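Asks: coordinates only, sequence not included:
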């Protein structure tokens, strides 16, 4: 007898669910999705110098999610020199003030590195010697950063 009661209860629950789902409205409801306009790209140029074993960092603010493009546009006195470059988050606890999350140790003039920011906030680009700068030599560089 209890099996029959359970079966009837399940049937009533199922019919009630169908009734709730069929309220007489046969038209589907349209969902409107508004697209946000693309974020404006901000271009910044940073210049500095590095020497044997040194690092130089520059800071910028990412105001929207999107790609960050880093490119070496100037390198003097030797344009064929290979240097290191990376992107990170501003972190005052680090010696350089920048905690790199992506880096490349074989960057040359004209190379472009692309990264994606996972959050808005303060980021940094660092240029550093990878062991190719002679003692007492000073290398001047220019890095372009495009971000949102």
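Replies: Sure, I can see it. Computed from a prediction, not measured in an experiment: that's the story for all the values here.
Asks: spit out the contact partners of residue 118.
Replies: By C-beta atoms under 8 Å, 6 or more residues apart in numbering, residue 118 lies in contact with residue 65. C-betas here are computed from N, CA, C, even on glycine.
Asks: can you do 10 Å?
Replies: 62, 65, 89, 101 (C-beta atoms under 10 Å, 6 or more residues apart in numbering).
Asks: could you list the low-pLDDT ranges of this structure?
Replies: 1-29, 33, 36-37, 92-96 (pLDDT under 70).
Asks: hey, where'd the strands end up in it?
Replies: Secondary structure of the chain (DSSP state E): strands at 42-51, 55-62, 66-76, 83-90, 98-107, 112-117, 121-128, 138-147.
Asks: touching the shortest one from outside, list them.
Replies: Applying C-beta under 10 Å, 6+ apart, the external contacts of strand 112-117 come out as 62-73, 85-89, 101-104, 107, 123, 125, 143-144, 146-148.
Asks: out of those, which end up buried?
Replies: Neighbour-count burial (16 or more other C-beta atoms under 10 Å) applied to the contacts of strand 112-117 gives 62, 66, 68-72, 85-89, 107, 123, 125, 143-144, 146-148.
Asks: tell me who's in contact with the nearest residue to residue 107 once chain neighbours are set aside.
Replies: Nearest residue to residue 107, sequence neighbours excluded (C-beta to C-beta, 6 or more residues apart in numbering): residue 85, at 4.5 Å. Contact analysis of residue 85 by C-beta under 10 Å, 6+ apart lists 70-72, 100, 102-108, 111, 113, 125-128, 130, 141, 143.
Asks: 7 Å - rerun?
Replies: When contacts are counted by C-beta atoms under 7 Å, 6 or more residues apart in numbering, residue 85 touches 70, 72, 104, 107, 113, 125-127, 143.
Asks: any chance of CSV for the residues you listed, columns distance to residue 46?
Replies: Output for these, formatted as CSV (distance: C-beta to C-beta, whole Å):
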residue, distance to residue 46
70, 10
72, 11
104, 17
107, 14
113, 14
125, 7
126, 10
127, 8
143, 5
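Asks: return the set of residues that bridge with residue 58.
Replies: Residues in a beta bridge with residue 58, per DSSP bridges, are residue 125.
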